[in-house]
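Asker: Predicted model and sequence below, questions to follow.
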There are 2 protein chains.
Amino acid sequence: MERVSIEDVAKLAGVSISTVSRVISKSDYPISEKTRRKVLKAAEELHYLPNIAAQQLKKEFNNIIGLMVRDISDPYFGEIAKGVTERASELGYLSFVCNTGRSPEREVEYHEILWQYRVKGIILAGGGFDTEEYKAELMEQLERYKNCGLKIVALAPQGIELPYVTIDNINVGSMITQYLVDRGHCRIAFISGPDNVFTAKERLNGYQDVLIKNGITLNEALVVNSDFSWKGGYDACLELLSHGIQFTGLCCANDNIAIGAMHALREKGLKVPEDISVISIGDITQSKYSDPPLTTAFFPRYELGKKSVDVIAGLSDLAEHASIVFRSKIIERESVREL
Amino acid sequence: MERVSIEDVAKLAGVSISTVSRVISKSDYPISEKTRRKVLKAAEELHYLPNIAAQQLKKEFNNIIGLMVRDISDPYFGEIAKGVTERASELGYLSFVCNTGRSPEREVEYHEILWQYRVKGIILAGGGFDTEEYKAELMEQLERYKNCGLKIVALAPQGIELPYVTIDNINVGSMITQYLVDRGHCRIAFISGPDNVFTAKERLNGYQDVLIKNGITLNEALVVNSDFSWKGGYDACLELLSHGIQFTGLCCANDNIAIGAMHALREKGLKVPEDISVISIGDITQSKYSDPPLTTAFFPRYELGKKSVDVIAGLSDLAEHASIVFRSKIIERESVREL
DNA sequence: TTGTAGGCGTTATCAT
DNA sequence: ATGATAACGCCTACAA
């Protein structure tokens, strides 16, 4: 019973392996009902399931999707992963989750391994790094993928042209900033992500655009970087406060940052939203359960994940350099007050 | 350049495919330095990487680990997945993340697919269901796996004997309850998980044991089920409150529940820990950033994930029905007060 | 309707 | 030190 192959089934059923193959793979090849039953019975009895590696040898690609994330324990990526894995399994795919830990080198390694597995496509969930080296590596991979038909989809900006399923990060950065401006805030701080990550840069750009458009002077001391984590937000907020510059509004590049920052504010005796209004981007599940519940821009992570699988499966035809852009909107909760 | 195989490399290098194979697979077979270089150069030039499916055909198993989780977007599973994927890739494995969405049927489906991919092992991250049908199915799979050497490891109770890498859930349920008792609480409520999931049952048992041991009468109206989610905790807490029974302490089966419950308490004007002390199990990252920061029992999810990969890789020899049990401890923060 | 045989890309076993 | 060849398990023309 150890290694049961198609041949064992054929023997037990008293037919040829081609017949078994045809029955098992549900081809529309005509098979007498009697034979089919014999085969099915034998397969059942032996607990036969085809070896995918062997099937694979004939095909061009595996039914596998590679999902590249920076940190799968981050709810941001977790929700994307959920969308990807669920949709993938609906369509008969399996998903490799590749945790890069924010290391460009690991990411490149993963690309090679995924390629060896002949995955059908790769989803880049995190934003790319703005370094020449990283971009060059990525471009090279892409070139290879294009030649062989392996599909690639990005959910966040990579600094190069490729198929995107995403939201407009500049725009969402603007939205949250404008939201505060509209409510009378003009001293607005921004806690960003790492300064070499495109996602962070774009959101920050959106913030800056709005300030300029509204005639508010940019103040470098009001912008601080973090690493998109709770702790990062906490630390960054403390740093921001240490600058001693007054502000009434705080835009955060994601919800993690905002939750960490609110924690820091609380520790410093500052009340949200009475003293400081906080707004961010993400709408992760726990943003609803923070204290106060967080006002944040909806980011359709689950949908993004699902859609990107459709693109790879060829269900959603996305031209080579086209993009699918989802819309965002502000989820109003209780962390912002009108001045 | 489309599909480059070992044969292409052999041709370009002007050697036989066996030679290429020996060079590429780094066998300790003697190869002249000159030939080796020729082969490596050709491989480089063609961007050759071996097709794993083909290699697979020869081997018994793939270097793939299947990770079965209920909900990858839940930080509990996210952290486990991080431990698994990181350790896996250190050891040259890739991980399929299988999101079962708490459906036993999907779980069984996944087992079949993973088997077809000839994965090296499967990690059961969530607690099993206490239904005869589910257990029977699982037992059957296990039988098959045992026959062919596919390893299986559970991180949470499944109701049957198999290798575990886990913590003692009964004990941790007791620990948090005792912690409240020690601080003078005797009216203690418990928000559990789904009542057919072993993890939830065991933690609840621990709670009941402690109450009995301390001569506190069990009150059914103080125990409520949830689904281990934020919303579940929120709803369950509201339900609990609706029973109208006074309590000063609240044990939650996990941090999600606690965070949701604290939200409900806040809405009802109840202060934590002044009016109600809350304690739970998990120590997920955001438990530190809740308001107030949550006192909770440490649950080494990342370590559990890592260790289970070691077991599958054969690095940590775990006898067939033995277990590796991690220790827990209470992380004291600010959600509990002494009466 | 069913069976036979060749090939998918590798590795391992023989030869040379 | 290198090369030819037979598996590995499956699919698919092509035959019967």
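Answerer: Received the coordinates, thanks.

Asker: which bits of chain A sit near DNA strand C?
Answerer: Within chain A, the residues that sit near DNA strand C (C-beta under 7 Å from any atom of the strand) are A:14-19, A:22, A:29-32, A:34-36, A:54, A:57-58. From N, CA and C alone the C-beta is placed, and that goes for glycine too.

Asker: so what's A:Ala297 up against?
Answerer: For A:Ala297, the contact set (C-beta atoms under 8 Å, 6 or more residues apart in numbering or on different chains) comprises A:Val172, A:Met175, A:Ile176, A:Ile279, A:Ser280, A:Ile281, A:Gly282, A:Asp283, A:Ser328, A:Lys329, A:Ile330, A:Ile331.

Asker: Revised request: answer the last question for A:Val272.
Answerer: Contacts for A:Val272 (C-beta under 8 Å, 6+ apart) come out as A:Met262, A:Leu265, A:Arg266, A:Val278, A:Pro292, A:Ser335.

Asker: Relative to A:Phe298, how far out is A:Ser290?
Answerer: When C-beta to C-beta, to the nearest Å is applied, the distance between A:Ser290 and A:Phe298 equals 16 Å.

Asker: actually A:Lys201, sorry about that
Answerer: Noted for A:Lys201: a distance of 21 Å to A:Phe298, by C-beta to C-beta.

Asker: Which one's more surrounded, the two?
Answerer: Of the pair A:Lys201 and A:Phe298, A:Lys201 is the one with more neighbours under other C-beta atoms under 10 Å in any protein chain shown, namely 22 against 16.

Asker: hang on, the more buried one is in a helix, isn't it?
Answerer: Yes. Remark: A:Lys201 belongs to a helix, assigned using DSSP: H, G, I helix; E, B strand; the rest coil.

Asker: hang on, it packs against A:Asp195?
Answerer: Yes. A:Lys201 is within contact range of A:Asp195, at 7.0 Å (criterion: C-beta atoms under 8 Å).

Asker: What ranges does the stretch 201-339 of chain A have for its helices?
Answerer: Remark: helices assigned in the stretch 201-339 of chain A by DSSP state H, counting those that start in this stretch are A:230-242, A:255-267, A:301-313.

Asker: quick one: is the first one near chain B?
Answerer: Going back to what we said before, that points to helix A:230-242. Yes. Contact between helix A:230-242 and chain B, assessed by C-beta under 8 Å from any C-beta of the partner chain, occurs at A:Trp230, A:Tyr234.

Asker: From the contact counts, what lies against that helix?
Answerer: Helix A:230-242 sits against strand A:188-191, strand A:223-224, strand A:249-252, helix A:255-267, with contacts defined as 3 or more C-beta pairs under 8 Å, 6 or more residues apart in numbering or on different chains; DSSP states H and E.

Asker: can you tell me which of the residues of chain A next to DNA strand C are in helices?
Answerer: Within the residues of chain A next to DNA strand C, residues falling in helices by DSSP state H are A:Ile17, A:Ser18, A:Thr19, A:Arg22, A:Lys34, A:Thr35, A:Arg36, A:Ala54, A:Leu57, A:Lys58.

Asker: Which members of those residues define the maximum pairwise distance?
Answerer: Longest distance between any two of those is 31.2 Å, between A:Lys34 and A:Leu57; criterion C-beta to C-beta.

Asker: So which of these two has more stuff around it?
Answerer: Using other C-beta under 10 Å as the criterion, A:Lys34 and A:Leu57 rank with A:Leu57 on top: 14 against 8.

Asker: you'd agree A:Val108 is up against A:Glu137?
Answerer: Yes. Applying C-beta under 8 Å, one finds A:Val108 in contact with A:Glu137, separated by 5.2 Å.

Asker: follow-up on the earlier one: from the residues of chain A next to DNA strand C, which would you call buried?
Answerer: If you count burial by 16 or more other C-beta atoms under 10 Å in any protein chain shown, the buried members of those come out as A:Val15, A:Thr19, A:Arg22, A:Thr35.

Asker: which one of the residues you listed is nearest chain B?
Answerer: Among those, A:Arg22 lies closest to chain B (C-beta to the nearest C-beta), at 18.1 Å.

Asker: that older thread, highest average neighbour count across the helices of the stretch 201-339 of chain A?
Answerer: Each of those was scored by mean neighbour count; the highest is helix A:255-267, a mean of 25, by mean count of other C-beta atoms under 10 Å in any protein chain shown.

Asker: Export that helix to PDB, keeping only CA atoms.
Answerer: Extracted in PDB, the C-alpha atoms of helix A:255-267 (Å, rounded to 0.1, in the frame of the first residue of the first chain):
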ATOM      1  CA  ASP A 255      -3.200  50.900  11.000                       C
ATOM      2  CA  ASN A 256      -0.400  49.200  12.900                       C
ATOM      3  CA  ILE A 257       1.400  52.400  13.100                       C
ATOM      4  CA  ALA A 258      -1.800  54.200  14.300                       C
ATOM      5  CA  ILE A 259      -2.500  51.700  17.000                       C
ATOM      6  CA  GLY A 260       1.100  51.900  18.200                       C
ATOM      7  CA  ALA A 261       1.000  55.600  18.000                       C
ATOM      8  CA  MET A 262      -2.200  55.900  20.000                       C
ATOM      9  CA  HIS A 263      -0.600  53.800  22.600                       C
ATOM     10  CA  ALA A 264       2.300  56.200  22.800                       C
ATOM     11  CA  LEU A 265      -0.100  59.200  23.000                       C
ATOM     12  CA  ARG A 266      -2.000  57.600  25.800                       C
ATOM     13  CA  GLU A 267       1.100  57.000  27.700                       C
END
